[in-house]
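J.: Sharing a sequence plus its predicted fold:
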Amino acid sequence: MSSGQKIPFADAYRLAERIAGELRPLCRRVKAVGSLRRRRPYVRDLEFLLEPETSGDLFGGEQALIEPVRNCAARLGTLTKDGHRYVQFTTNEVAVDLFLCYPPAEWGSLLAIRTGPATLGHLAMLQFQQRGLIHSGGGLYRGHVSPSTKIPVPDEETFFRLAGLPCLPPHKRDRREAHTPIREAACTI
């Protein structure tokens, strides 16, 4: 699959279900994103957004348990990229991208961006800039990046509302109406 071939949606979906089944016990949340979530007829790669389980430390903080996710990826295929927020592996059928979500990133923000399409994410970033908001590291901030200016984005509805864009179902986000800003008063946060 590394040659850039695409596989039919039904085959990609079955493979994604199997992979997600392996990842679910290691994560608080697992969601297919990208072209699979948008239900494109053919899929080039499988993409998942994951919120890994955490473990408490001696000081009351939480540490994301990334190593079990990496081990699972290596067991399912050949590990090709192994970062702190992004892991990639390949199987005989397809490349698989794992995007890891943990603070300061927000689930809703990463879910919207990783579902795509890319043009919609770029438009959201422009809309945020026009509203004086900064999107950085998966988090959204008012004015400047700091814990005190962070805006919660727990879901896609919040992400699109703050960007002034319609929140359409993933399978409709390739359409023109997904890229048309809502004409309303400035968003208050």
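T.: Structure's in. What do you need?

J.: In three-state terms, label the closest residue to residue 171 other than its chain neighbours for me.
T.: When the adjacent residues along the chain are set aside, residue 171 lies closest to residue 39, with 4.3 Å between them (C-beta to C-beta, 6 or more residues apart in numbering). Just so you know, the C-beta spots here come from the backbone N, C-alpha and C atoms, and that holds for glycine as well. Remark: residue 39 carries the secondary structure label coil [criterion: DSSP: H, G, I helix; E, B strand; the rest coil].

J.: Counting neighbours, what do you get for residue 54?
T.: Counted with other C-beta atoms under 10 Å, the burial measure for residue 54 works out to 15 neighbours.

J.: again with the one 10 residues further on
T.: Burial measure for residue 64: 20 neighbouring residues, criterion other C-beta under 10 Å.

J.: In contact with residue 22, which residues?
T.: The contact partners of residue 22, taken as C-beta atoms under 8 Å, 6 or more residues apart in numbering, are 72, 75, 76.

J.: typed the wrong thing, it's residue 5
T.: Residues in contact with residue 5 (C-beta under 8 Å, 6+ apart) are residue 44.

J.: part of a strand, is it?
T.: No - when classified by three-state DSSP, residue 5 is found to be coil rather than part of a strand.

J.: what's the pLDDT at it?
T.: Per-residue confidence (pLDDT) for residue 5: 86.
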